[in-house]
Structure formats: structure tokens, C-alpha cells
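# Fold the following and give me the result.
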Amino acid sequence: MKRAALRRHSKYRTDSTRTSYMLANAEFKQLNDRLYNAYQYHLQDNLNSVFTNELLDPQDVAAATRNVPRLMASDSQIVITDDMVKAAGMDLKCSTGCGPDETPSLVIKRCIHSLATPLTTVFNRSLRTGVFPTCWKDSYVFPVFKKGCKRVVSNYRGIAALSATSKLFELRVLHLLTQRYVQYISPDQHGFISKRSTTTNLTCFTSFVIRQLENGQQVDAIYTNLSAAFDKMNHQIAIAKFDKLGMNVNLLLYYTIKQPKDALFLQQQLEAFADWCQLNRMSLDVSKCSVISFSRRSSNINFNYALAGVQLKRESTVKDLGILLDTKLNFKDHVAYIVSKASSQLGFLFRFAKKFKNIYCLETLYCAIVRPLLECASVLFEHQHTPPQPPIAPVPENPSCKD
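Numbering: from 1, shown residues only. All right, here's what the predicted structure looks like:
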């Protein structure tokens with residue numbers, strides 16, 4: 001949307017604005033190149049240190065998969081057809097860049113009817129032989145800033161840009177595995193599940209908490225953090241679980257606290273989670289784990305939860321999937337946060353587009369930059385928070401805008 005708006009603005013741009021934009025882009029590119037060259041070696045060492053190649057004993061693998069049900073080998077055969085490849089090809093995202101194969105996803109998507117048969121042959125052969133083509137394993141890894149100081153290398157996450165063909169293969173296999181093993185996936189799972197998202201996850205959780213608060217109860221929630229969970233996943237354990245079926249562990253890290261023994265039960269659940277992480281070679285970052293007690297009572301049960309012998313920090317506000325949750329769950333902190341962020345973006349938009357004359361261009365930029373900040377997961381707090389006054393100033397009319 002932002003690109004479309006800028007294209008519309010290009011019809012009305014002047015030589016002065018064109019020159020200023022070219023100079024700003026050139027200056028930004030030079031600064032970005034200098035920063036990347038200065039940190040590329042540090043980033044490479046940091047990202048390489050994330051990946052592990054630990055070889056486990058069969059006893060350790062068996063202990064990590066002991067709760068996984070076993071299916072007959074004949075039930076695990078996966079066969080891909082041309083129609084499946086065509087359907088997966090139409091689901092490819094065309095907004096991402098090329099991978100190491102230098103083939104845009106758009107080319108695969110538009111030529112999928114011609115490529116379906118040869119790709120089906122390659123995919124099925126890979127599944128039968130258990131060999132994944134080496135060229136599909138290559139990827140472009142680039143750093144994406146998470147939070148904190150931008151000069152600290154550990155505050156960046158490595159993102160891999162895969163080849164379009166390997167992504168197509170992944171889409172098809174994921175769909176088949178989800179269909180076959182959906183009955184073994186916890187109903188509380190929202191990540192990587194069709195028609196579910198972070199919003200549905202937060203809606204279920206906050207609905208549970210609000211019901212308990214309305215009944216005068218207290219809810220303790222423990223937030224844990226796994227260091228580079230996807231990158232440090234042990235392949236031996238993952239393959240062993242897929243050989244049997246998939247993970248089947250039931251854990252609950254939030255619980256209604258009516259009396260001290262309820263807090264002890266939650267502590268036992270936390271210890272079980274720590275044991276599961278140790279068995280599956282997952283690294284817990286205890287420094288990023290915390291606990292929060294949701295309650296509207298005058299006095300609460302403050303239990304000192306511990307993980308790996310370290311007492312967890314007790315927070316008054318936590319950020320859960322981008323939403324700030326406070327102890328009373330009235331979302332005042334989150335509303336203030338998004339209003340401040342939206343006001344900042346609106347000010348930037350006014351400064352950047354003060355010479356824009358097309359009203360539709362301004363509307364498109366507003367809907368692309370400012371409005372998503374205000375509407376993200378608004379279903380959670382629109383009925384829980386009533387601001388005493390309009391939290392954000394209305395957009396003033398621009399007399400230079402034309403219909």
C-alpha cells in the first residue's frame with residue numbers, strides 16, 4: 001500500500017522533492033552499508049553459535065520420546081500428487097525475495113501447472129529415499145533486529161531466505177502432516193495452525209483470566225523463554241518423534257490460585273516443563289522468564305516460583321505476543337502504548353507527506369502506517385477499556401489536498 005501511495009505521489013512530485021528523496025536514499029544506503037560491514041563478522045559468529053550439532057546416546061533419545069504414541073510404519077507413508085503441488089503453488093507468497101536458487105516465487109506460482117509433474121516426481125523421490133536435495137538446504141541468512149540496543153549483536157535474530165522450490169515442498173508436507181496428526185495436537189495450540197493466530201491465542205487466555213477475575217479469583221501466569229528454540233532443536237529427537245508420531249506432552253503454565261497448594265501445583269508444572277526442556281535439549285533463558293499475578297483483589301497470594309533453582313521475576317506488566325497485559329487486565333498500559341506509537345507515526349506522516357496533494361495518497365499511507373497500530377488485536381481490549389477522552393487527535397484537513 002505504501003508503494004502504491006508513493007507511485008501516486010510521483011505524478012505530482014517536483015524537482016526539489018525528487019532531489020531530496022534521492023539524496024536521502026543515497027545517504028541511508030551508505031550508512032546501512034557501513035553498519036553492515038562493521039558488524040557482519042560479529043553477526044556471523046553470533047548466528048553460527050546458535051546452531052548445535054550434539055550427538056545423543058540412544059538412551060537420551062528414548063527418554064525424550066517416551067510419551068510419544070507409536071503408529072504402524074504403514075501409516076506413515078506420504079505420497080504427493082500433481083494436484084497437491086498445484087494447490088501448494090497457489091499458496092506461495094510472492095512478496096518475499098529470491099533465495100539461493102535466484103528463482104522468484106512468482107515464477108513458480110504462475111508456471112505451477114507446467115512444473116507440477118516434474119516437481120511431484122522429485123518430491124516423492126525425496127520422501128521415498130529420505131534424501132533432501134543439497135541445493136535446497138542453502139539459504140540466505142540475514143539479521144533482523146529484535147529489541148534492545150542495536151549495537152549489541154545478540155539482539156538480532158537470524159532469518160533464512162529459502163529457495164522457492166524448498167518452500168513449496170515444505171508447504172505440501174506440512175499440510176499432509178497436519179491432516180494426519182491433527183488429533184494428536186493439543187487444542188490449546190495456536191501457533192502454525194490454520195485459522196488460528198496470536199489474536200485467537202490471546203483471546204482464549206484473556207477470556208479465561210477475565211472470568212476468574214470477575215469471580216474474585218487470582219490467576220498466576222508464568223512466561224518462559226526458549227533460547228533460539230527452532231535453531232537449537234535436536235534433529236535426532238525430532239526424527240525419533242516423527243518416527244513414532246509427534247509430541248504428546250500436557251503442561252499448564254497458568255492456573256487459578258485459590259490457596260497456596262494451587263501455587264505449589266503450578267510450581268510442579270513448571271518443574272515438569274524444565275525437565276522436558278532438558279530431555280529435548282532445549283535451552284531455557286531464565287533471565288527472560290517471569291511471573292505475573294492477575295487479580296483485582298486487595299490481597300494476593302505471592303508465591304516465589306523458581307526455575308532451575310533461580311527465582312522468577314514478578315512483573316506488574318508483561319508483553320504477550322505484542323500486547324501489554326497488566327495485573328488487573330484493564331489494558332490501560334497497552335492503550336497508552338499504541339496511542340503513543342500511532343501518534344509518533346502520524347507525526348512522521350505529516351512531516352513526510354506535507355507536500356502531497358492527492359487525498360487518496362494520504363489516506364492510503366495512513367491506512368498502511370498508522371491504522372494497523374490502533375487495530376492490531378483490538379478485539380481484546382475494545383470492550384475492556386473505555387478512554388476518558390479521545391486518545392489521539394483527529395487528522396486535520398489539509399487545504400492543499402485535492403479530491
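
# For the stretch 251-400 of the chain, give me the ranges with low pLDDT.
Scanning the stretch 251-400 of the chain with the threshold set as pLDDT under 70 gives 251-255, 383-400.

# So which residues of it form strands?
Shown for the stretch 251-400 of the chain, the strands assigned by DSSP state E, counting those that start in this stretch span residues 254-257, 290-294, 306-307, 310-311, 313-314, 317-320, 323-326.

# ranking these by burial, who's on top?
When neighbours are counted by mean count of other CB atoms under 10 Å, the highest per-stretch mean among these falls to strand 290-294, a mean of 22. C-beta: built from backbone N, CA, C; applies to glycine.

# rewinding a little: can the strands of the stretch 251-400 of the chain go into TSV with extra columns for distance to residue 211?
Formatted as TSV, the entries for the strands of the stretch 251-400 of the chain read as follows, by distance: least, CB to CB, whole Å:
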stretch	distance to residue 211
strand 254-257	10
strand 290-294	11
strand 306-307	27
strand 310-311	29
strand 313-314	23
strand 317-320	17
strand 323-326	15
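
# wait, which of those strands is closest to residue 348?
The closest of the strands of the stretch 251-400 of the chain to residue 348 is strand 323-326. By CB to CB, the value is 22.2 Å.

# Please, where are all the helices along the stretch 101-250 of the chain?
Using DSSP state H, counting those that start in this stretch, the helices of the stretch 101-250 of the chain run over residues 105-110, 112-129, 134-137, 164-181, 198-214, 235-244.

# Could I get the contacting residues of residue 270?
With contacts defined as CB atoms under 8 Å, 6 or more residues apart in numbering, residue 270 is in contact with 222, 253, 305-307.

# Just the closest of these to residue 98, please.
Distance to residue 98, by CB to CB, is smallest for residue 253 among those, at 40.3 Å.

# Mean pLDDT lowest where, among the helices of the stretch 101-250 of the chain?
Sorting those by mean pLDDT places helix 235-244 lowest, at a mean of 72.

# Show me what counts as buried in that one.
236-237, 240-241, 244 (16 or more other CB atoms under 10 Å).

# One more: stretch 195-215?
Judged by neighbour count (16+ other CB under 10 Å), stretch 195-215 contains these buried residues: 199, 201-202, 205-206, 209-210, 212-213.

# what's the distance between the residue nearest to residue 257 when sequence neighbours are not counted and residue 270?
In space, residue 257 comes closest to residue 218 once its chain neighbours are excluded; the distance is 4.6 Å by CB to CB, 6 or more residues apart in numbering. Distance, residue 218 to residue 270, by CB to CB, to the nearest Å: 17 Å.

# What of residue 141?
33 Å.

# Which parts of the stretch 1-150 of the chain are strands?
Secondary structure of the stretch 1-150 of the chain, counting by DSSP E, counting those that start in this stretch: strands at 140-145.

# related to what we said a few turns ago, go through the helices of the stretch 101-250 of the chain and name the closest to residue 79.
helix 112-129 (6.4 Å).

# who does that closest one touch, helix- and strand-wise?
helix 82-90, helix 164-181 (3 or more CB pairs under 8 Å, 6 or more residues apart in numbering; DSSP states H and E).

# Using TSV, lay out those together with mean neighbour count and distance to residue 135.
Rendered in TSV, the data for these read as follows (neighbours: other CB atoms under 10 Å; distance: least, CB to CB, whole Å):
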stretch	mean neighbour count	distance to residue 135
helix 82-90	17	18
helix 164-181	17	9
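
# Columns distance to residue 152 on top of those helices, output as TSV?
Below are these laid out as TSV (distance: least, CB to CB, whole Å):
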stretch	distance to residue 152
helix 82-90	39
helix 164-181	31
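
# nearest to residue 378, of these?
The closest approach between residue 378 and any of the helices and strands packed on helix 112-129, judged by CB to CB, belongs to helix 164-181 at 29.0 Å.

# between that closest one and helix 235-244, what angle do the directions make?
Orientation check (axes from the mean of the first three to the mean of the last three CA atoms, to 10 degrees): helix 164-181 against helix 235-244 gives 50 degrees.

# quick one: contacts of helix 164-181?
Residues lying outside helix 164-181 but in contact with it, judged by CB under 8 Å, 6+ apart, are 78, 80, 84-85, 88-89, 91-92, 98-99, 101, 103-105, 107-108, 119, 123, 126-127, 136-137, 162, 185, 193-194, 245-246.

# any idea how far the closest residue to residue 225 other than its chain neighbours is from residue 308?
With sequence-adjacent residues excluded and distances taken as CB to CB, 6+ apart, residue 225 is closest to residue 288, at 3.7 Å. Per CB to CB, residue 288 is found 13 Å from residue 308.

# circling back: quick check: which of the helices and strands packed on helix 112-129 is nearest to residue 30?
Nearest to residue 30, of the helices and strands packed on helix 112-129 and by CB to CB, is helix 164-181 at 31.5 Å.

# circling back to that earlier point, which one, of the helices and strands packed on helix 112-129, ends up nearest to residue 347?
Using CB to CB as the criterion, the shortest distance between residue 347 and the helices and strands packed on helix 112-129 is 38.5 Å, found for helix 164-181.

# so where's the stretch 1-150 of the chain shaky on pLDDT?
Residues of the stretch 1-150 of the chain that meet the criterion pLDDT under 70 lie in 1-18, 35-55, 69-77.

# OK, contacts around residue 201?
Remark: with contacts taken as CB under 8 Å, 6+ apart, residue 201 is in contact with 190-191, 321.
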